[in-house]
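> need a structure here:
(chains A and B)
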Amino acid sequence: MTTATASHDDHHHGPEKGLMRWVKTTNHKDIGSLYLWFAFTMLLVGGAMAMAIRMELFQPGLQLMDPHFFNQLTTMHGLIMVFGAIMPAFVGLANWLIPMMVGAPDMALPRMNNWSFWILPFAGGILLSTFFMDGGAPAFGWTFYAPLSTTFAPDSTDFFIFAVHLLGFSSIMGSINIIATVLNMRAPEMKLMDMPLFVWTWLITSFLLIGAMPVLAGAVTMMLTDRNFGTAFFDATGGGDPVMFQHIFWFFGHPEVYIMILPAFGVISHIIPTFARKPLFGYSSMVYATASIAFLSYIVWAHHMFLTGMPVAGELYFMYATMMIAVPTGVKVFNWIATMWKGSMTFEAPMLWAISFVFLFTIGGFSGLMLGIAPADIQYHDTYFVVAHFHYVLVTGALWSIIAATLYWLPKWTGKMYNEKLAKIHFWWAAISVNVLFFPQHFLGLAGMPRRIPDYALQFADFNVISSIGGFAFGASFILLTYIVVDCIRNGKPCDARPWEGAKGLEWTLDAKAEYHSFNKPPSRELILQESQHS
Amino acid sequence: MVITTSINFFGGFMKRITAYIGALFGMVSTNAFAEYSLNMTEGVTSVSRDIYDLHMMVFWVCVAIAVVVFAAMFYSVFTHRKSRGAKAANFHESTTVEFLWTGIPILILIAMAIPASKTLIDLENTDSAEMEIKITGHQWKWQYDYPEEGISFISNLKQSSKDVINGSDEDRNKTNQKDAYLLSVDKPLVLPVDTSIRFLVTSSDVIHDWWVPDFGVKQDANPGFINDAWAKIDEVGTYRGQCAELCGKDHGFMPIVVEVVSKADYQVWVNEQQQAAESAAASATKTWSEEELREQGESVYNTNCAGCHKKDGSGMVPVFPAIKGSEIANGPAADHMKIVLHGKGGMPAFKMLGDADLASVISYERIAFGNTGGVVQPSDVKSAR
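Numbering: from 1, shown residues only, chains lettered A, B, ... in the order given. Next comes the predicted model:
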């Protein structure tokens, strides 16, 4: 400890000591870490539910639980993974990275930043506490279609509604903060088209969040009044319409799935150029493609509802609009491959995750295109084909990019290098088991197995047992990931400020372990251009 | 209890793993498992065949694109690597290729959209139907109404499946084709072959979805609204399906079985049903003895109530209350009839059952399990409606 005068003169003072540091912190790096640890905890909680689901589905018959509890598990697994794991993990990455990438000292609204994080553990706690209430947790699926979620739902649904409201507050505040940071705190010399792709994708994602989350809040508020105050928004006996619930839900829900994938596109657009030692191909087309996907995501929601009895004109429109999404998404994939083309590639763990992201996410994209074909969706809808599809885009898409980002930027966060050998073992373990887990589910769906059932006919037994074995192996891989990250933080070898040979970006110009307060002076135009993705 | 369950479970686990490892090396046959399929069914209607063709077309287009794209990617991964001495180029823009890989996918998509639109317009057009079937989803069973013929009945999961849900693998493997596990019902929907049929689909409680893959028909059943779909079935046979929309606890246990018969056989069946309906109507007006009520009540109870309240009336506290010793089953009959007819919270309404069935099941609940509530007659139920 230096003398009091010295530390007061020094504006680069470090964090507060003890536990209160984390409660009171307004530092974007601290809050980023909080978000990431929270998301990881929720990933393990949601993952434990998935393990229980796969155990019950290991063989036909009911072995471990009654169907009502099974429904609670599938519902909570979905909610926890979407709202507790994937979304907070991306906000955590945004907190850590965006100020460093745009040369800002911190987020624009640091106190609100603290609040938007600290809402989350309470919302998550309320959501999980419903398991211990009379009648059990919500058991109507993460899409909570009325009237199953209104007239026919357990009492704990009101707690679920409150938790969703809280999660919405948190997301909206988080996205306002990101927009304000990117637009107002960016280094004065950095033009919009100089911004790294991760910043671009998050800026666009923030607008999706601000547009979509209030709609979700509206949907759950209408549920609340239907349940408790005698309204009948979704009750046909009172003149309402249960299908209206689905329109409102998916008007939120479809942008939501892009909220979970656009930042992933950003992450991959950093990692591939680094390890190909070549600038990102088609920087501006990547930005425009992201914006097009975001726009399209608002006008395709009813492709989740082809079987609700929509008029044929509606079905045709939503089919065409949905198919259009393949175009900008394809552009992204082609650009990534063109970035690799004639590069000088090495295959450190983050690159392995990024390449397998491109491969596996594209498989998820193909099944998505198939699902978009309205007549074929008649046979796919609500089967395991859909389950396989969205796990390919969310697990081997969104989650893959989060793991890739964690390994890629971990040296910058800790000043230390993780164990590359273990990280490679972990990658192959996870990449193989995840395919054993989800690929057979395509076959199950095509053969006619509906989703969300605790027990199944005997012809589905073979692929379910394979899927479960893959699931257990994939679940176990997270023990190794935990070890790799903790081992890096505790015992990692100190690394250089730019540990990856081909890495570009302002964050790599900071110390090996980024200073607690970075970019108190904005970077120069020269430095920005030198570190930009398109030079 | 928990220990035995887990022993059974892990016993099954080990057996299955052994079977799989065996099957991998071709040493042990896996005849215990029913046949599986990898792909969508072609089905037995023009719509299901169109859907199948569309599915295969889009699938092969995806495969072709995947081959080209992934070949380029893996070629690059294997060739342009530092360890092989590859030097990084510096190109990072080309309007020409961006234009190409935006334009070509658009053309491919248009080529897919044309047949897809045709099929969609065809399958949504139910105008040429020769007969109608009304399908009503209930938690957790299907009701079929033939409006022209005046036939109406409920179709439940067959008892032979219910008996082995909590049983061993052997028990379930014993179920034969006729008793297909979880895919057989006590009373199937019977339809004539080569007849264009319009299905009117609705629900009495939550959203269900009536799905028979072989017909290419999957239609949401929305409470308060009627959706339609159609099928003209080309082949006589038994076709099975399931509810496809999560509808609560027993969503996985409300199968659909359709017996498609020749037009002559269909007429015979219709006549039988009409006669049966007449005699049922007659029995609803007579006064039943306690023994008759108990006997019929037990079977109605096991079909409709035992899923939650259990065969011995003990329920699954605290979610599903016990009937045994309950205040309702031992209190005034009017309250008991009200809750069975109209439901309450998680308890579905059962007003779609006939007066005789309802009277017998309510009586059974009031006199079985040591309860002392006393019996009710079909006429009581009729006036309580």
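> not counting sequence-adjacent ones, nearest residue to the residue in the stretch 401-535 of chain A that chain B sits nearest to?
Residue nearest to chain B within the stretch 401-535 of chain A: residue A:453 (3.3 Å; CB to the nearest CB). In this view, the C-beta of every residue, glycine as well, is placed from N, C-alpha and C. Of all residues not flanking residue A:453 in the chain, residue B:252 sits nearest, at 3.3 Å (CB to CB, 6 or more residues apart in numbering or on different chains).
> go ahead and confirm that neighbour touches residue A:457.
No: Residue B:252 lies out of contact with residue A:457 (CB atoms under 8 Å); the separation is 9.9 Å.
> and the residue of the stretch 101-250 of chain B found nearest chain A, how many neighbours?
Proximity of the stretch 101-250 of chain B to chain A (CB to the nearest CB) peaks at residue B:224, 2.2 Å away. Residue crowding around residue B:224 was assessed by other CB atoms under 10 Å in any protein chain shown; the count is 18.
> and the nearest residue in space to it that is not next to it in sequence, how far is that from residue B:344?
In this structure, residue B:224 finds its nearest non-sequential neighbour in residue A:236, 2.2 Å apart by CB to CB, 6+ apart. In this view, residue A:236 and residue B:344 are 19 Å apart by CB to CB, to the nearest Å.
> residue B:257 sits in which helix or strand?
strand B:255-261 (DSSP states H and E).
> send the alpha carbons of the following helix or strand past that strand over as PDB?
Toward the C-terminus, strand B:255-261 is succeeded by helix B:263-285 as the next helix or strand (DSSP H and E). Presented in PDB, the C-alpha positions along helix B:263-285 are these (Å, rounded to 0.1, in the frame of the first residue of the first chain):
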ATOM      1  CA  LYS B 263     -66.500 -47.500 -48.400                       C
ATOM      2  CA  ALA B 264     -68.700 -50.600 -47.800                       C
ATOM      3  CA  ASP B 265     -67.100 -51.400 -44.500                       C
ATOM      4  CA  TYR B 266     -67.400 -47.800 -43.500                       C
ATOM      5  CA  GLN B 267     -71.200 -48.000 -44.000                       C
ATOM      6  CA  VAL B 268     -71.400 -51.100 -41.900                       C
ATOM      7  CA  TRP B 269     -69.500 -49.400 -39.100                       C
ATOM      8  CA  VAL B 270     -71.700 -46.300 -39.300                       C
ATOM      9  CA  ASN B 271     -74.800 -48.400 -38.900                       C
ATOM     10  CA  GLU B 272     -73.300 -50.200 -35.900                       C
ATOM     11  CA  GLN B 273     -72.400 -46.900 -34.200                       C
ATOM     12  CA  GLN B 274     -75.900 -45.500 -34.700                       C
ATOM     13  CA  GLN B 275     -77.500 -48.500 -33.100                       C
ATOM     14  CA  ALA B 276     -75.100 -48.400 -30.200                       C
ATOM     15  CA  ALA B 277     -75.800 -44.700 -29.700                       C
ATOM     16  CA  GLU B 278     -79.600 -45.500 -29.400                       C
ATOM     17  CA  SER B 279     -79.100 -48.100 -26.800                       C
ATOM     18  CA  ALA B 280     -76.800 -45.800 -24.800                       C
ATOM     19  CA  ALA B 281     -79.400 -43.100 -24.800                       C
ATOM     20  CA  ALA B 282     -81.900 -45.600 -23.400                       C
ATOM     21  CA  SER B 283     -79.700 -46.700 -20.600                       C
ATOM     22  CA  ALA B 284     -79.100 -43.000 -19.600                       C
ATOM     23  CA  THR B 285     -82.700 -42.600 -18.500                       C
END
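> any idea of the mean pLDDT in helix B:263-285?
Confidence for helix B:263-285, expressed as mean pLDDT, is 88.
> please pull out the lowest mean pLDDT helix or strand from chain A.
Sorting the helices and strands of chain A by mean pLDDT, DSSP states H and E puts helix A:4-9 at the bottom, at a mean of 44.
> ok, the residue in the stretch 251-385 of chain B that chain A sits nearest to - how many residues close by?
Nearest residue of the stretch 251-385 of chain B to chain A (CB to the nearest CB) works out as residue B:252 at 3.3 Å. Other residues lying near residue B:252 total 25 when counted by other CB under 10 Å.
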